[in-house]
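S.K.: Prediction below, plus the sequence it came from.
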Amino acid sequence: MVFSQIVNKYQVVRQIPIFNKLNWFELHTVASKSSFAEYKKGEIICQEGAPPDAFYCVISGRVQAFKTRPTGEKEDIELLHRGMHFGIISLLTGEQHSLTFQALNDSVILKINKDDFATILRSIPQLGVEFSRSLSRRLRSEVVKTKRVFESTIISIYSPVKGTGSSTFAINFALALAKEPRRKVIFVNINSNQAAISSAESLDSSPRWKRPAILLKDIVGDYQKIMNSIYRGEVPVALLNVTVDPKDQPIIRQISRFISSLANDYHYVVVDLPNDMDDVVLETLTQSDQVYLVTQDQHERLLLAAHVIDRLKEALKDHFDKEKIQVLISGLEAKCYLSFAQINGALNHSVTMMLPFISPGELKNPFVSDAITILLPDPHSDYAKTVDHLARRVGGVLVGLVLGGGAALGLAHIGVIRVLEKEKIPIDMVVGSSIGSLIGALWATGKNADELESCAREFETKKSMSKLIDLVFPKAGFVAGKAIEKWLRGHLGNKTFFSTRVPLKIVAYDLLHREELVLSEGSLVDAVRQSIAIPGVIEPVLQKDKLIIDGGVLNPLPTNVLVSQGIKKIIAVNVLQSPAEVAKSFEEAQFKIAEEEKIRFRPNPGKYISIHSQRIARRLFWPNISDIIVRSLQATEFVISQQSAAQADIVIHPDVARISWFALYEVTKLIRCGEEAAYKLLPEIKKLTVENSTLALIL
């Protein structure tokens, strides 16, 4: 079956980054003009020198862009992944394709023909503006002759309050970015006071500069002087410590020129700014591609952060992009004073995350060089892991984990998680559907695999499973769900999505509107309860104009959620049984029955009575409505999950063929199945994630 026959074009289009800001009507306009083209490995998608013909976007697979030198040799220019588009320069300029695009794997490409693309731009003007900006950046790099082998990102870290740990975050963030292979990082400290040789922060882990800061006015405008001022020693990042007179307006106006010169040679320019909100700071912030604003969860300090955001809005006007402002709550104190709802309200801006508290015992990795002294946190601490996650987000090398539905079979997820933990595989986002949402929520809030197993063993006997069952008149389900909610509350408490140590998204389904729901805020208990409401078994959740049921009905393996978030490395765990596994299980069950038929009463009366008693009980209660409903759903869900699996890089499929969907008591078997399946694919998992951890911390 071809791709276009099994995938909704609208759903695909809305996941493409260049289109994801469009409204419903505009997305449908784009989708109506789009088509899918499938290419085998090695096939040419469009040829260098060919006339402009279409807009292309990678949906699955990989595409290599290259040009041919006069000698006939191939020069690789860019590797394109999911969500990346090409052909736009030719369409907007009318020029021939300057590159050849070849499928590195079997690939699916979304294609919009030239005439249809022109129609779209006329009907959606803002889309033309977005494409024009992209074109301008590329053409500018051609004119200035900058290196096009990489895109450079300027990142500023600033706090309007002293003592928040912004410099500590800045140096650790720069070092985390340097872990990405073949990426050059420079850490720039800008002071607005020449006497400020060392950091103004009181935190012991903030960087301490040993050399006097260089006057910016002495080097700005002179590329060679700037390069000569950079310290390149045993530190994994290049270092530059400069000072600016906040009253020297001509020099301040050249900050953009200064930073841009660094962007020509470094993939990431990380700028650590002083706490004073002067013209030096404002000019640097406005010229940055991304801003990390560090503050604390105290009302007066949040107001200062809100003032910074307001000034940036005023300075940038129509070019202000709130997505480029990442607000971090400092981890200098273990106590949290305000809820995230209160913080967001005070800022009028969403908080990205709260940095974990750094205990004194974690600051045990001193690094001393000729230029700087740094006291680094333990690389396995929550703080270091969080900073690494933020760095991987910037680098576009996030690793996502999808935990699929499957009722009790989902306990196999725990075995997979145990292997990921043991092998220190980084996970940057978790998406769960049905039982996957439950396991994902518990893990994302801090429970490790051993603790997850303890939770599962609460139902290790068939009798203990009754704790989850509160039977009601079967109006909308046999189980009311109150007992399940009570159990969830006992383990998740009042935690919200902001309480997770890694970003979490939970998938449910609105039956009234036939619409997928991706839950990412509010109570975790409420979200999980909605996602596990198996139709006909557990009562659905009625919420205003929504009737919410199990997320697995529509999306049992929600890889699409990670794709829509721009995550390019996806590990999916599919615990649903395939038709072959179901057949195998049935054959084994029939063989077992045949063997039991051979047992006679006289030699073994106890066993004979037990077997026949169980057989009578099965005849009385099987088949039952719940079993028929769940088996029917899982048959359909497996087909859907196979389609979703095509969007994952690695699919872990535990062998749970001989285990029933309701067998929560088979904890040991299910966890072992997950472990075995994960270990089989461990080499591929490590290969997928190795570039995220190739370079260790400097100690």
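M.R.: In hand now; what should we look at?
S.K.: Stretch 670-690 spans what distance, first to last residue?
M.R.: Stretch 670-690 has its terminal residues 28 Å apart, counting by C-alpha to C-alpha, to the nearest Å.
S.K.: all strands of the stretch 501-650 of the chain, in order?
M.R.: Secondary structure of the stretch 501-650 of the chain (DSSP state E, counting those that start in this stretch): strands located at 504-510, 515-519, 536-538, 541-543, 546-550, 569-573, 650-652.
S.K.: For residue 171, which non-adjacent residue is closest in space?
M.R.: Ranked by C-beta to C-beta, 6 or more residues apart in numbering and with sequence neighbours excluded, the top spatial neighbour of residue 171 is residue 207, at 4.7 Å. C-beta coordinates here come from the backbone N, C-alpha and C atoms, glycine included.
S.K.: residues touching that neighbour, list them.
M.R.: Residue 207 makes contacts with 167, 168, 170, 171, 189, 199, 272, 372, 373, 374, as judged by C-beta atoms under 8 Å, 6 or more residues apart in numbering.
S.K.: Which one among the residues you listed sits at the bottom for pLDDT?
M.R.: For the contacts of residue 207, the least confident position by pLDDT is residue 199, scoring 41.
S.K.: what about the residue nearest to residue 171, distance to residue 309?
M.R.: 26 Å (C-beta to C-beta, to the nearest Å).
S.K.: Assign a three-state SS to residue 367, would you?
M.R.: On the three-state scheme (DSSP: H, G, I helix; E, B strand; the rest coil), residue 367 is labelled strand.
S.K.: so the residue nearest to it when sequence neighbours are not counted, which of the three states?
M.R.: Counting by C-beta to C-beta, 6+ apart, residue 374 is the residue found nearest to residue 367 once chain neighbours are left out, at 4.7 Å. Applying three-state DSSP to residue 374 yields a three-state assignment of strand.
S.K.: picking up where we left off before, next, format the strands of the stretch 501-650 of the chain as a markdown table and append mean neighbour count and distance to residue 429.
M.R.: Converted to a markdown table, these look like this (neighbours: other C-beta atoms under 10 Å; distance: least, C-beta to C-beta, whole Å):
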| stretch | mean neighbour count | distance to residue 429 |
| --- | --- | --- |
| strand 504-510 | 27 | 7 |
| strand 515-519 | 18 | 12 |
| strand 536-538 | 21 | 27 |
| strand 541-543 | 14 | 24 |
| strand 546-550 | 22 | 21 |
| strand 569-573 | 26 | 10 |
| strand 650-652 | 23 | 15 |
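S.K.: weakest of the ones you listed by average pLDDT?
M.R.: Least confident of those, judged by mean pLDDT, is strand 536-538 with a mean of 83.
S.K.: who does it pair up with?
M.R.: strand 477-479 (parallel) (DSSP bridges).
S.K.: related to what we said a few turns ago, which of the strands of the stretch 501-650 of the chain sits closest to residue 224?
M.R.: Closest approach to residue 224 among the strands of the stretch 501-650 of the chain (C-beta to C-beta): strand 569-573, 39.5 Å.
S.K.: which neighbours does that closest one have in its sheet, and in what orientation?
M.R.: Strand 569-573 pairs in its sheet with strand 399-403 (parallel), strand 650-652 (parallel), by DSSP bridges.
S.K.: Would you mind writing the CA trace of it as PDB?
M.R.: Taking Å, rounded to 0.1, in the frame of the first residue of the first chain, the C-alpha atoms of strand 569-573 are listed here in PDB:
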ATOM      1  CA  LYS A 569      15.800  10.600  16.700                       C
ATOM      2  CA  ILE A 570      12.900   8.500  17.800                       C
ATOM      3  CA  ILE A 571      12.900   5.200  19.800                       C
ATOM      4  CA  ALA A 572       9.400   3.600  19.800                       C
ATOM      5  CA  VAL A 573       8.200   0.700  22.000                       C
END
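S.K.: hmm, who's touching it?
M.R.: By C-beta under 8 Å, 6+ apart, strand 569-573 touches 397-404, 412-413, 416, 427, 436, 557, 559, 562-563, 644-645, 647-654, 674, 685, 688-689.
S.K.: In helices, which of these appear?
M.R.: Counted as lying in helices by DSSP state H, out of the contacts of strand 569-573, are 412-413, 416, 436, 559, 562-563, 644-645, 674, 685, 688-689.
S.K.: From those, pick the one nearest residue 291.
M.R.: residue 562 (25.4 Å).
S.K.: Show the model's pLDDT score for that closest one.
M.R.: Reading off the model, residue 562 has pLDDT 94.
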